[in-house]
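give me a 3D structure for the following:
(one chain, ligands or ions: 1)
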Amino acid sequence: MSNQEQKTPQGLKEQRARRQRVNRIKTGILLFVVIWMVVCMSLNIFLLVRMDSLEDQVSILTDKMIQGTQIPAEDKKTPPSGTDGDFFPINKEETTGQDSDETSSASDEETNDQAGGENPGRKDVRACVAVEDNLREEGEPMNVYLTFDDGPSENTSDILEILRKHNVKATFFVTGKEGEEAGAWYRAIVADGHTLGMHSYSHRYSTIYESVDAFKSDFTKLHDYLMDVTGVDSKFYRFPGGSSNQVSNTDVGEFIDFLGEEGMTYYDWNVVCGDATSQIYTADELVENVMTDVVKYRNSVVLMHDAAEKDTTVEALEILLRKLEELGAQILPITEDAPVIHHSIS
Ligand SMILES: [Zn+2]
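From the prediction side, this is the model:
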């Protein structure tokens, strides 16, 4: 009996100690699980953000790759006299290599039926100007359509100011940028009387060119957004990478059909300044790239960029406008009456 009485408090003590140990272990496990979950979630968030920025980088690199190597087949087909057949001033090394020769002959065959400037089988698409009809004889007038892709950004404001100073209008193929500041940029483009064109909301090749549905949904998102922010029902589209891009897994013709049904006209370009290639040009070189080519055409659609990092383009614009004015070129915005410039689609 007395033995039992002595054992009980001892037993209770041990029991309490055991319970405390168990509780400590439980708390430890719980803490471990919580920390593990937090680590996993942080890692997930980090990877998502990283994936997002990598997707953006892939799009930028794809842009550089396309614009650095893309020679519209229509241009290679009828090189004007006095040139070495390398119609674009950029990346001469790449275009004189064996690969480009192969591309060139393949393109020639593929584009024969495009020579008339028609879009066979395409619905409601305005006929584009045939290359041979666009070649300029000396002394003939020169129409230059400056186009700015990938904006708006803070550089857009500087570009608008320069255009205003020279009293000329241009075309901005914009992407989807959120926020009040971006809203003001879109509205400034419209208020200054420039043409507001569309260049996809996300500008992510992997997303927009995944399927026709994906393309449509990106298109609608940007169209509605621009309508909301500026009240403009944009009628002009430029494909990221151009209509001749080789990135899309879906036939570009299907996207063209869709744009036709929407009453849109898509525009490519026949002159590049070279501000989106892997090669870095100075402002003077960008100007030179444009000046070398605009004299060859009656109508030049010049590809430029007003993205945030394109400071050299802003620097080049002032010089370019002065030179174009000296040359007596007409600088015009894209409108319903403007001649349509398309790349040939293989
Ligand atoms: Zn672009």
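
who's in contact with T195?
K169, A170, T171, F172, F236, P333, I334, T335 (C-beta atoms under 8 Å, 6 or more residues apart in numbering). C-beta here means a position set from N, CA and C on the backbone, and glycine is covered the same way.

brain fart, L226
Counting by C-beta under 8 Å, 6+ apart, L226 has contacts V174, Y186, L196, M198, V232, S234.

looking at these, which are in helices?
Y186 (DSSP state H).

helices along the protein, start to end?
2-69, 73-77, 92-95, 98-110, 131-134, 154-165, 180-191, 205-208, 212-230, 252-261, 283-294, 311-327.

mind giving me a markdown table with these and columns for mean pLDDT and distance to the ion?
Conversion of the helices of the chain to a markdown table gives the following (pLDDT from 0 to 100; distance: least, C-beta to the ion, whole Å):
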| stretch | mean pLDDT | distance to the ion |
| --- | --- | --- |
| helix 2-69 | 81 | 5 |
| helix 73-77 | 36 | 20 |
| helix 92-95 | 30 | 20 |
| helix 98-110 | 30 | 22 |
| helix 131-134 | 92 | 23 |
| helix 154-165 | 98 | 14 |
| helix 180-191 | 98 | 16 |
| helix 205-208 | 95 | 10 |
| helix 212-230 | 98 | 13 |
| helix 252-261 | 96 | 15 |
| helix 283-294 | 98 | 16 |
| helix 311-327 | 98 | 13 |
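
next one: phi and psi at the nearest residue to M142 once chain neighbours are set aside?
Once flanking residues are discounted, M142 sits nearest to A329: 4.3 Å by C-beta to C-beta, 6 or more residues apart in numbering. Here is the backbone geometry of A329 (degrees, to the nearest 10): phi -70, psi 150.

you'd agree A329 is up against E140?
No. Applying C-beta atoms under 8 Å, one finds A329 not in contact with E140, separated by 11.3 Å.

more crowded one of these two?
A329 (19 against 9; other C-beta atoms under 10 Å).

would you mind measuring from the more buried one to I29?
A329 is 76 Å from I29, where distance means C-beta to C-beta, to the nearest Å.

which ones are touching A17?
Counted by C-beta under 8 Å, 6+ apart, A17 has zero contacts.

kindly report the same for F239.
So F239 contacts S200, N245, V252, F255, Y266, D268 (C-beta under 8 Å, 6+ apart).

neighbours around the second one, how many?
Applying other C-beta under 10 Å, we find 21 other residues in the vicinity of N245.

with the fifth one instead?
With neighbours defined by other C-beta under 10 Å, the count for Y266 comes to 25.

gap between the residue nearest to it when sequence neighbours are not counted and K169?
Of all residues not flanking Y266 in the chain, Y237 sits nearest, at 4.5 Å (C-beta to C-beta, 6+ apart). Distance, Y237 to K169, using C-beta to C-beta: 19 Å.

more neighbours: which of those two?
Between Y237 and K169, counting by other C-beta under 10 Å, Y237 is the more crowded of the two (23 against 18).

if we can go back for a sec, closest to L163 among the contacts of F239?
D268 (21.9 Å; C-beta to C-beta).

burial check on the nearest residue to the closest one once chain neighbours are set aside, number of neighbours?
Closest residue to D268 apart from its sequence neighbours, by C-beta to C-beta, 6+ apart: H343 at 4.4 Å. Applying other C-beta under 10 Å, we find 25 residues neighbouring H343.

same deal with E181?
E181: 12 neighbours (other C-beta under 10 Å).

which residues touch the closest residue to T175 other than its chain neighbours?
Excluding the flanking residues, the one nearest T175 by C-beta to C-beta, 6+ apart is H203, at 4.7 Å. H203 is in contact with S59, D150, T175, P240, counting by C-beta under 8 Å, 6+ apart.

distance of S202 from Q15?
Using C-beta to C-beta, we find S202 at a distance of 64 Å from Q15.

the more surrounded of the two?
S202 (18 against 10).

that one and E210, how far apart?
11 Å.

what does T277 give?
From T277 to E210 the distance is 26 Å (C-beta to C-beta).

picking up where we left off before, between the contacts of H203, which sits nearest E161?
Proximity to E161 was ranked across the contacts of H203 by C-beta to C-beta; first place goes to D150, at 18.8 Å.

need the pLDDT of the closest one.
Confidence at D150, expressed as pLDDT, is 98.

before we move on, the earlier item: neighbour count: T277 and E210, which is higher?
The neighbour count for T277 versus E210, taken as other C-beta under 10 Å, is higher for T277 (22 against 15).

the residue nearest to E285 when sequence neighbours are not counted: neighbouring residues, count only.
Distances taken as C-beta to C-beta, 6+ apart place G274 nearest to E285, at 7.2 Å, with adjacent residues excluded. By other C-beta under 10 Å, 24 other residues sit near G274.

roughly how far apart are G274 and the ion?
For G274, the distance to the ion equals 14 Å [C-beta to the ion, to the nearest Å].

and that residue, what pLDDT?
97.

thought A127 was touching P339?
No. Counting by C-beta under 8 Å, A127 stays clear of P339, with 9.7 Å between them.

neighbour count winner among these two?
The neighbour comparison of A127 against P339 (other C-beta under 10 Å) goes to P339, with 19 against 13.

residue contacts, that one?
Going by C-beta under 8 Å, 6+ apart, P339 touches C128, V129, N134, N143, N299.

would you turn these into a markdown table with neighbour count and distance to A307?
Converted to a markdown table, those look like this (neighbours: other C-beta atoms under 10 Å; distance: C-beta to C-beta, whole Å):
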| residue | neighbour count | distance to A307 |
| --- | --- | --- |
| C128 | 24 | 26 |
| V129 | 19 | 28 |
| N134 | 21 | 28 |
| N143 | 18 | 26 |
| N299 | 22 | 25 |
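
since that was my last question, I'll sign off now.
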